[in-house]
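Visitor: Here's my sequence, what's the structure:
(chains A and B)
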Amino acid sequence: MNIKIPGQTPGDTAMTIAGLGPHGERAVPADQLQLTETNAAEVRARRFSVAVILHTTTSDWSKQELAGIAATLGLYSAALVEVVDCNFDVNLQVAALERLAREPVDAVISIPIGNARVAEAHRALTQSGRKLVLLDNAPTGLLPGTDYASVVSTDNFGLGQSCAAMLSAHIPQGGAAGILGYGIDFFATHEREIAFRKWMGTNRPDVTLVRERFADLDGAGPAALTMVEKTPGLSGIFAVWDVPAMKAVRVLAQHGIDLPITTVDLGNDVALDMARHGMIKGVGAQLPHDQGSAAARVTLAALLGLPVPPWVALAGREVTPSDVIEAYQVIWHLPAPKAIIDSVRAATAAQDAVGED
Amino acid sequence: MAEEKTTLRSVGRPRSVDAAQASLALLLNLVRTGAATTRQELERRSELGRAVVADRLATMIELGLLKEGELGQATGGRAPRQMRFRQDAGSLLVSAIDQSSIALGIADLNGQLLVEHHEAAQLDAGPEAILDRLATIFDWLLRETEKPAPWGIGLALPGPIEKPAADFETVPVLQTIQSWQGFPFLERLSMRFGVPIFARSGVQTMTMGEAKAGGGRGLSDIIYVKLGRSISAGLISEGRLHRGAQGAAGMIGHSRVGDELLEAVAGADAIAREGMAAAEDGRSPYLTQTLARQGELSVVDIGHAAQLGDLFCVELLGRCGRLVGEALAPLTNLVNPSLIVIGGVVAESGGDSLLAGIREAVYRQSHPMVSRDLQIVRSQMGASSGLVGAAQVVVEELFAPATLQGWIGLGSPLRHPEFQKRLERMMASVEAKAAPPAGRVAP
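Guide: A predicted model of the protein is given here:
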């Protein structure tokens, strides 16, 4: 089924910011944060060096986030001197923070993995005199100004709501929807799940919600299968990000199950599945390139000693199978891969043929 | 009369073993607060004998309240084993409800916040909707983050909260939320989780939060000012929160500025209204653009405009700051704080011009001794201060020596005889209200 929404133009699908910051702050939209000409000249003259610590550098999200950071820092003559890949390992992150606190970098942009276990190392980095800008999340107990400069994040609450709204169209009255949740204490995925549940509770109180968790990515497929087997009449699944969503798609397909799924982030696999009119019916996408760019601007502003807002947020973008190519261009700052374009064309042609019969 | 009250308050508290309960409570609080952690220190501080201390510690280890920790500093001879409080024996649910948002969190028994969540919410949605939302998120957080079962709830509400007449008694009415009057909000939340509930005004919990984990850490005299739609202040003097006779201390928004109330001229609504006027008549080019783009304006936009150098907004916030400062100055002279923390949505977004206005007025009108070392800073904790403070409220209530003696021998405040009775009575009264009136049902 090809869902066409009348009157909706691609590019007009940016959402408003629904969520509050880690301390309840109201968001300052990232596009409002720009350096003035005077600030820019000073930044260029000072030739700052910045390091980045990511949970992984292999995902599509991370690559684009880094591209945004690197391009923007470069624009202001700041050097990106190191990129640390923690491989989802808390101990690696702590070690990297401790090392960078002794090395000649002016600032660090970091995505805290987990909560309490990495809080102290982040605090110590700031105490060493380096500026710290966080992506997505601030560990509980850390304070803006004292322990870090700012958190730059996509509006995860809005993404969760958006995925609920898109999945709702596929759930019949009185049906059941599943949540494929992340079993690790992580702010961004928590916010998405809370928002998904809230939207359903408010707008679809008739829908029964069930949930399975996975602690590592390989567990995501089996968890989805368990959920389907345990819940007769399950009509759709929300997965908290794209990689586990695709693990679920593969395992379900192996068992001959076809279920509507919505998720967060337009990874390549998810985009291709949508283009083929597969199980993925909708995506609430972050804009990692733009987020990286915003994080770089906030970092430079903090290095100049300018006041920076504690919570800088970017609205996500809804993607449906009908605008996957255009969305890809906006999100990834790249043309969509040929495989996706060919699939969209093939699917459209097939549908036109059906329509003509 | 006084005699009768005392008897009432001690109902359910074991009397024959009072001494044992008292020594248990004393030792637990010494360990918990870190005042004494080795057996030797505990014997000295408690003035109890070695055998008694050993017996009480063994009891509390068995009850799961204490554990043996690492070795301490040796003072000649064997290094002593340190006692540790089991802050994970239970958890505390905390929430701060505000006009336009709710915050929820889980803290350990030391009041340390472990996880928190904030979301937009409208009080107009009514008590049932807010209650339901709190229960849903608490359930979810407890399950997902696998925290220990709760021992108590700390709640921060907008507006003053009356002091309860007795332990574990919930306050009857929520004075400030008119539409909530008569709704058993606290009772329902308490029953839902089967734990005691303790409520304070939002500004009082935020003051406690700032004193515990924010700018006021380690200070004994601070004033916290919340600048939102309403304006109020909290005071910690010589280490204790000042609540006042009715629990309504700190309503500085009700001081007069000319013919108006302070909060009517310097509150978030007033600021947003002035910003709107300036956007419409072009006095602030930035706000005109923002209004055109968003279709609405909030105090956050005005603060952001001021930070970007919009002259109108800089002056507007500076003027609000001076008005607030003038209301604060007499208070400052009265209590001589070492720190004033400015929080709330106006402060969060208000930037430096607001702070400069407050400083100008306070420093100008304070005695030199009072202002000599006085610092005036912006809160960094945001709404988290309300959660940390609410946790602190529960910790102080549950471990207050008189209350602690009532439950320590039983291992958990949930087994406190007085709380159990209170819970039964709450259930009975809520059920009675819900049940159809007996004997008057039509045949």
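Visitor: List the buried residues in stretch A:218-227.
Guide: Under the neighbour-count criterion of 16 or more other C-beta atoms under 10 Å in any protein chain shown, stretch A:218-227 has A:219-221, A:223-225, A:227 buried. In short, each C-beta sits where N, CA and C put it, glycine included.
Visitor: can you tell me which residues contact B:L354?
Guide: Shown in contact with B:L354 (C-beta atoms under 8 Å, 6 or more residues apart in numbering or on different chains): B:227, B:303, B:306, B:317-318, B:320-321, B:342, B:346-347.
Visitor: Could you look up the next helix or strand downstream of the host helix or strand of it?
Guide: Assigned by DSSP states H and E, B:L354 belongs to helix B:345-365. Next helix or strand after helix B:345-365 toward the C-terminus (DSSP H and E): helix B:368-371.
Visitor: So which other helices or strands are in contact with the helix or strand that that next one is followed by?
Guide: Using DSSP H and E, the helix or strand that directly follows helix B:368-371 along the chain is strand B:375-378. Taking 3 or more C-beta pairs under 8 Å, 6 or more residues apart in numbering or on different chains; DSSP states H and E as the contact definition, the neighbouring helices and strands of strand B:375-378 are strand B:339-343, helix B:345-365.
Visitor: how about the ones you listed in TSV, adding distance to A:W199?
Guide: TSV is the format used below for those (distance: least, C-beta to C-beta, whole Å):
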stretch	distance to A:W199
strand B:339-343	30
helix B:345-365	25
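Visitor: Mean pLDDT and distance to B:S379 for those - can I get that in TSV?
Guide: Conversion of the helices and strands packed on strand B:375-378 to TSV gives the following (pLDDT from 0 to 100; distance: least, C-beta to C-beta, whole Å):
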stretch	mean pLDDT	distance to B:S379
strand B:339-343	96	3
helix B:345-365	89	6
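Visitor: Need the winner for burial among those.
Guide: When neighbours are counted by mean count of other C-beta atoms under 10 Å in any protein chain shown, the highest per-stretch mean among the helices and strands packed on strand B:375-378 falls to strand B:339-343, a mean of 26.
Visitor: quick one: contacts of it?
Guide: When contacts are taken as C-beta under 8 Å, 6+ apart, the neighbours of strand B:339-343 outside the stretch itself are B:206, B:210, B:214-216, B:219, B:221-227, B:324, B:328, B:332, B:354-355, B:358, B:362, B:374-379, B:381-382, B:385.
Visitor: near chain A, which residues of chain B show up?
Guide: Contact residues (C-beta under 8 Å from any C-beta of the partner chain) of chain B with chain A: B:101, B:103, B:105, B:112-120, B:133, B:136-137, B:140, B:144-145, B:213-214, B:298, B:300, B:304, B:307, B:345, B:348-349, B:351-352, B:380-384.
Visitor: So which of those belong to helices?
Guide: When the residues of chain B next to chain A are checked against helices using DSSP state H, the ones located there are B:133, B:136-137, B:140, B:144, B:213, B:300, B:304, B:307, B:345, B:348-349, B:351-352, B:384.
Visitor: I'd like to know how far B:Q73 sits from B:T38.
Guide: 9 Å (C-beta to C-beta, to the nearest Å).
Visitor: For these two, list the residues in contact with both.
Guide: With C-beta under 8 Å, 6+ apart, B:Q73 and B:T38 have common neighbours B:P80.
Visitor: Of these two, which one has the most company?
Guide: Ranked by neighbour count (other C-beta atoms under 10 Å in any protein chain shown), B:Q73 and B:T38 place B:T38 first, with 19 against 8.
Visitor: Quick check: closest non-adjacent residue to that one.
Guide: By the measure of C-beta to C-beta, 6 or more residues apart in numbering or on different chains, the closest residue to B:T38 outside its immediate chain neighbours is B:P80, 3.9 Å from it.
Visitor: All set now, cheers.
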